[in-house]
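> Give me a 3D structure for the following:
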Amino acid sequence: MTTLEDVLNIQKTSSILASPAIKPCSGADGDATATATPSTLTIALQNQTSSHSVYAYVTGLAISNNNALFLLRSDGKTAYYPQSPSSTLSPLSVDCTFPLGAPGKTIIITIPHLAGGRIWFSRDGKLEFFLNPGPELVEPSVLNPSHPNYNVCWDFCEFTFDSKQLYATISYVDFVSIPISLALTNTSGVDQHAAGLPANGIDTICSSLVAQNEKDGAGWDKLIVTANGRNLRALSPDTAIAVNKSLFAGYYQHYVDQVWSKYSSNPLHIDTQTSYGTVIGKVSDNLLKFDGVGSFSRPSTADIFSCSTGSFKQTDNITMNNVTARLAAAFNRSTLLLSTAQPDNDVVSEYYRHPITNHYARICHATTLDGRGYGFPYDDVRPTGGVDQSGAVYDPNPLILTVAVGGSIASSHDESATSHAGDSCGC
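Numbers count the residues shown, from 1 in each chain. Below is the predicted model:
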């Protein structure tokens with residue numbers, strides 16, 4: 001049996017999305033009977049590229065329909081709930097593609113409450129989604145060179161829209177490619193923005209990865225994927241290691257050794273930022289032990305970049321998982337030698353300053369227009385009241401979410417250049 005959390009973890013590792021085997025109880029959090037937010041959300045999709053061939057897709061799990069696998073049809077308002085096919089890699093039976101039209105155009109779509117939602121964009125080529133028995137949605141993957149979408153320029157942003165709020169974010173956890181920005185306006189007219197990358201963002205990131213590799217020879221240039229002489233995408237270290245197991249082998253070892261040495265004689269304070277408060281750890285018997293909570297063995301480089309393997313594997317202990325998130329974030333940002341209180345004493349300007357650090361995340365943040373965006377799985381960790389790093393927008397009373405693709409900051413759409421998905425004037 002799989003929970004919703006299990007399903008979303010599988011999605012991140014295998015590019016397969018399916019309904020959880022355990023259904024929510026009536027009246028449970030996120031169920032339609034407990035709705036506080038509106039039952040639907042208006043989304044404006046803006047083409048801010050220079051291309052006339054930009055396409056969008058929406059996928060997720062329909063919360064009010066027992067978390068059933070969901071795609072939005074090309075009319076931008078009708079749900080498509082796929083039936084289980086008889087064979088693997090079966091094509092979708094309906095059109096779920098939204099052409100965004102000419103540069104400057106905006107189309108309007110409407111979605112219901114969705115968990116694990118993604119808005120996908122492709123440029124100068126459409127994406128192909130397939131179905132496996134279940135049904136399971138086979139999503140585009142950056143790991144398989146034989147996949148029909150591999151050489152297409154594509155990317156996505158992520159969101160959850162449930163009874164409590166809309167939460168949307170720009171994710172670079174797996175890779176980075178097309179610039180995407182977000183703007184959320186609530187029912188009181190208050191705006192939030194996540195600016196994303198500039199138009200030349202992927203080229204800037206790739207040149208910065210090459211420059212970093214020239215400094216340390218660690219393999220940062222191996223994150224770059226090209227096609228037809230252009231930079232197609234940059235993989236995160238975790239994704240790249242999935243392709244090449246030897247990449248970055250031992251990269252963090254010296255830093256981990258320094259951390260273990262420091263906390264053999266000094267206590268490490270981790271604020272769980274929950275009712276569990278602050279827990280204190282110290283290294284003994286080669287383990288970083290938090291009394292009454294659990295212990296961590298020395299993490300490998302792959303553990304640090306993934307935030308979910310080895311020492312950082314999730315457990316049934318909620319307190320331990322909160323410590324894991326903050327410890328993994330501190331390793332990726334290389335702040336553990338700067339402060340014995342995590343993340344309370346963290347300062348954004350001190351992130352990634354150590355020579356051994358997650359330079360992919362550093363470069364992504366340095367390239368975005370506002371310094372924000374998910375560079376690794378726990379990039380939302382911050383000191384209480386600190387500056388958000390994750391590039392998220394969220395509100396319990398959303399009115400409209402605007403998503404722009406191409407490198408300009410998302411803004412309220414221009415009615416004179418707007419159409420509903422499926423209208424001929426928007427294509």
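> Provide a list of residues in contact with the nearest residue to Y276 once chain neighbours are set aside.
With Cβ to Cβ, 6 or more residues apart in numbering as the criterion, Y276 has its nearest non-adjacent residue at 4.7 Å, and that residue is T319. Bear in mind the C-beta positions are built from the backbone N, C-alpha and C, glycine included. Counting by Cβ atoms under 8 Å, 6 or more residues apart in numbering, T319 touches T272, T274, Y276, V279, V293, G294.
> what about the fifth one, distance to I270?
With distances defined as Cβ to Cβ, to the nearest Å, the gap from V293 to I270 amounts to 9 Å.
> do the last one as well
Here the criterion is Cβ to Cβ. By it, G294 lies 11 Å from I270.
> Mind putting the contacts of T319 into TSV with distance to G117, neighbour count and secondary structure?
Shown next, in TSV, are the contacts of T319 (distance: Cβ to Cβ, whole Å; neighbours: other Cβ atoms under 10 Å; DSSP: H, G, I helix; E, B strand; the rest coil):
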residue	distance to G117	neighbour count	secondary structure
T272	28	19	coil
T274	26	9	coil
Y276	30	16	coil
V279	34	20	strand
V293	33	17	coil
G294	33	18	strand
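> Need the nearest residue in space to G422, chain neighbours excluded.
D75 (3.9 Å).
> re earlier: give me the common contacts of V293 and I270.
Counting by Cβ under 8 Å, 6+ apart, the residues touching both V293 and I270 are V279, G281, V323.
> circling back to that earlier point, contacts only, for the residue nearest to G422.
H420, A421, G422.
> Helix, strand, or coil at it?
The assignment at D75 comes out as coil when based on DSSP: H, G, I helix; E, B strand; the rest coil.
> Show the contacting residues for the residue nearest in space to the middle of the chain.
Nearest to the mean C-alpha position of the chain, by Cα atoms, centre = their mean, lies S171 at 3.2 Å. With contact taken as Cβ under 8 Å, 6+ apart, S171 is in contact with F156, C157, E158, G373, Y374.
> A strand includes the second one, no?
Spelled out, that is C157. Yes: counting by three-state DSSP, C157 is located in a strand.
> Counting by contacts, list what the helix or strand containing L401 packs against.
Element membership of L401, judged by DSSP states H and E, is strand 398-405. Counting contacts by 3 or more Cβ pairs under 8 Å, 6 or more residues apart in numbering; DSSP states H and E, strand 398-405 packs against strand 40-47, strand 114-123, strand 153-161, strand 166-170, strand 180-186.
> could you give the mean pLDDT of the second one?
With pLDDT averaged residue by residue, strand 114-123 scores 97.
> Tell me the helix or strand right after that strand.
Next in sequence after strand 114-123, counting helices and strands by DSSP H and E, comes strand 130-132.
> would TSV of the helices and strands packed on strand 398-405 with distance to L288 and mean neighbour count be doable?
Below are the helices and strands packed on strand 398-405 laid out as TSV (distance: least, Cβ to Cβ, whole Å; neighbours: other Cβ atoms under 10 Å):
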stretch	distance to L288	mean neighbour count
strand 40-47	43	22
strand 114-123	32	23
strand 153-161	31	24
strand 166-170	30	24
strand 180-186	37	23
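> which residues do G294 and I270 both contact?
With Cβ under 8 Å, 6+ apart as the test, G294 and I270 both reach V323.
> Give me the neighbour count for A18.
A18 has 20 neighbouring residues, counting by other Cβ atoms under 10 Å.
> cool, G189 as well?
G189, neighbours per other Cβ under 10 Å, totals 7.
> Equivalent analysis for K282, please.
If you count neighbours by other Cβ under 10 Å, K282 ends up with 15.
> Kindly report the same for N266.
For N266, using other Cβ under 10 Å, the count is 11.
> Leaving out chain neighbours, which residue sits closest to it?
Among residues not flanking N266 along the chain, T340 sits closest, at 5.6 Å (Cβ to Cβ, 6+ apart).
> now E136: how far from V243?
From E136 to V243 the distance is 23 Å (Cβ to Cβ).
> Repeat that for L338.
32 Å.
> before we move on, what SS does the residue lying closest to S306 once chain neighbours are set aside have?
Distances taken as Cβ to Cβ, 6+ apart put D238 closest to S306, at 4.6 Å, once the chain neighbours are dropped. When classified by three-state DSSP, D238 comes out as helix.
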